[in-house]
Each structure stands twice: as structure tokens, then as C-alpha cells.
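Colleague: I need the structure of the sequence given here:
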Amino acid sequence: MKKYVMRFATAFLMVMSIIGTSWKAIDRQQTQHDVIKNIAADSLYSQLVSSIYHEIHLDAVGLTQQVFEKALTGFYNMKYSGLVNAKSILTIADFDQESTRKRLYIIDLADRKLILNTWVAHGQNSGGDKPSSFSNKINSNQSSLGFYLTGEIYYGKHGRSLKLDGMDQDFNNNARERSIVVHGASYVSQKSIDELGRLGRSQGCPAVPAKLADDIINTISDHTVLYIHNSNQLYYSSFLNETLAASVALNQPQVFASKTD
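Modeller: Okay, here's the model as predicted:
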């Protein structure tokens, strides 16, 4: 009897070993499939980013493809989260550039066009012509990096202004409490550059030219994405998930279509 029990036990263990090996092989195949799928999606996403970047001719106005890719990735992540409205407007303030450069870019992703390229100020404690220090702290008078959603229009000490909600914890989530808003300012002008050798500076707000403020506010209001960038700072964000961005972008049938198609 013991012999039969031992034979049965041995056979059972062999069968279970074969099943376990098969499941491991299936898991490995599935993992390899997922990796290949993600690599393919990432490659297609890079092509998409490059296609949009060159179609809008952003290289001609001083915005690098690397900065655009980060901003676009955040846009798609925020769209996936249901935070972005139907306007498909992406605004980028590239604080790698000096204040004398027109470093604000307002982009219509649906029509693949640059709506506006103009000046934007940084905080007075962030640096002179080129910002180098950033903070999320109240009363720091510094600019804050990261992704924002535009909020409601209101009238304040700078006239018609646009509230901002910082979406990155520890980087800009105090924007409301700090009253970080988009507003027009006379010190954001060629006159200031001529007199000071740079733009005037704000208390942390991305201030824009007074003459363009109304148009800018109208264009980017109502839950569109603003991305403030600087390459030299330690910055991370859950909205920089390129795999998720690829899945969102590539599931849209129109993403590879040119606006002239």
C-alpha cells in the first residue's frame, strides 16, 4: 500500500511541477508581450510628439522638443484624469530661458497651431533675468514649477485676472493660498527690457503683457493646462507618466492626422 501511495504522490508532484512551469512560461510570455507593447507605444508616442512639434514649428520660436514633450505628456495625463476641458489648449512657460525672450507659448493642440508667443515674468526672488530658484512657500515671492489648471476669472488689484490651481504636491499646490494668478503687468514689456535689461518681476505670478492680458485670459481660462518648466531644478510629477500619455494619445484616431488632412 505504501508503494502505491508513494507512486501517486510522486506522479502528483510531477503533474503540479509541469503545471507550475507552464504557468510561469505563460507569465513570462505575458510580461514579454506587455514590455514589447509598451516599447512600441512609447516609440509611436515619441513620433507623435515630434510630429506635432515640427508641424507647429515650435523650434522656430525657441521651444525645445524636450520641454514640449514634458508639457504634452502632462496634458495627456491630466486629460486621462478628467481634469482638462474640451479646449485642448496647452500653455508653456519655459523658465530655462531669460526673461528678455518670449518664453510663453500658448498652443492649440486640436488645430495644431501656436496661438501666441510672448513674454512672461517670473518671481522677484527667483532670479534676475533668468530664474534659478523656485518655491511653493507662502510669501516666498518665487515662481513655482509644474502643472497647473486654470480656474476662474476675477477682478483684483491687477485688474482682470485668472486664478490657478497647482496640481503638483510640494511644488505648486499652494498656488491658491499664495494668490498665484495670471494677470497683466506694465513691467512685462519691451520698455522694461530697454530700461532694466530684463523684464520686471512679480511676486511669483506668471504675469503677462498688459495689452495681451485679456486675450490670454480668454484663451486659456476654464480648466486648461499651464506648465512652468525649469531643467535645473529637482522636479517630479505623477503627470509625467509617458506610458499613460501614450495610451491616451494613441487611442485617439485623430492624433496622427494633420490639420490639413
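
Colleague: bridging residues for Thr91?
Modeller: Ile106, Leu226 (DSSP bridges).

Colleague: can you report how many residues neighbour it?
Modeller: Using other CB atoms under 10 Å, Thr91 has 25 other residues around it. Just so you know, the C-beta spots here come from the backbone N, C-alpha and C atoms, and that holds for glycine as well.

Colleague: the stretch 151-261 of the chain: strands as residue ranges?
Modeller: Here the stretch 151-261 of the chain has its strands, by DSSP state E, counting those that start in this stretch, at 159-166, 181-185, 208-209, 225-229.

Colleague: so which of those strands is the most packed in?
Modeller: strand 225-229 (a mean of 27; mean count of other CB atoms under 10 Å).

Colleague: of all the strands of the stretch 151-261 of the chain, which one comes closest to Ser51?
Modeller: Nearest to Ser51 among the strands of the stretch 151-261 of the chain is strand 225-229 (19.5 Å), distances taken as CB to CB.

Colleague: which residues touch that closest one?
Modeller: Outside of strand 225-229, the residues within contact range by CB atoms under 8 Å, 6 or more residues apart in numbering are 67, 70-71, 74-75, 78, 84, 89-96, 143-150, 164, 172, 182, 206, 220.

Colleague: just the residues you listed: which are in helices?
Modeller: Val67, Lys70, Ala71, Gly74, Phe75, Met78, Ile220 (DSSP state H).

Colleague: can I get those in TSV with pLDDT, neighbour count and distance to Ala110?
Modeller: Shown next, in TSV, are those (pLDDT from 0 to 100; neighbours: other CB atoms under 10 Å; distance: CB to CB, whole Å):
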residue	pLDDT	neighbour count	distance to Ala110
Val67	98	23	21
Lys70	98	22	20
Ala71	98	25	16
Gly74	98	28	17
Phe75	98	27	12
Met78	97	23	16
Ile220	98	24	14
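
Colleague: for Val49, grab the count of nearby residues.
Modeller: With other CB under 10 Å as criterion, Val49 counts 21.

Colleague: that one: which element?
Modeller: helix 2-55 (DSSP states H and E).

Colleague: related to what we said a few turns ago, let's have the strands of the stretch 151-261 of the chain in a markdown table, adding mean pLDDT and distance to Ile106.
Modeller: Output for the strands of the stretch 151-261 of the chain, formatted as a markdown table (pLDDT from 0 to 100; distance: least, CB to CB, whole Å):
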| stretch | mean pLDDT | distance to Ile106 |
| --- | --- | --- |
| strand 159-166 | 98 | 12 |
| strand 181-185 | 98 | 11 |
| strand 208-209 | 98 | 10 |
| strand 225-229 | 98 | 9 |
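
Colleague: put together CSV for those strands, with distance to Ser135 on each row.
Modeller: CSV is the format used below for those (distance: least, CB to CB, whole Å):
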stretch, distance to Ser135
strand 159-166, 12
strand 181-185, 17
strand 208-209, 21
strand 225-229, 12
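
Colleague: nearest to Leu104, of those strands?
Modeller: Once the strands of the stretch 151-261 of the chain are compared by CB to CB, strand 208-209 is nearest, at 6.7 Å.
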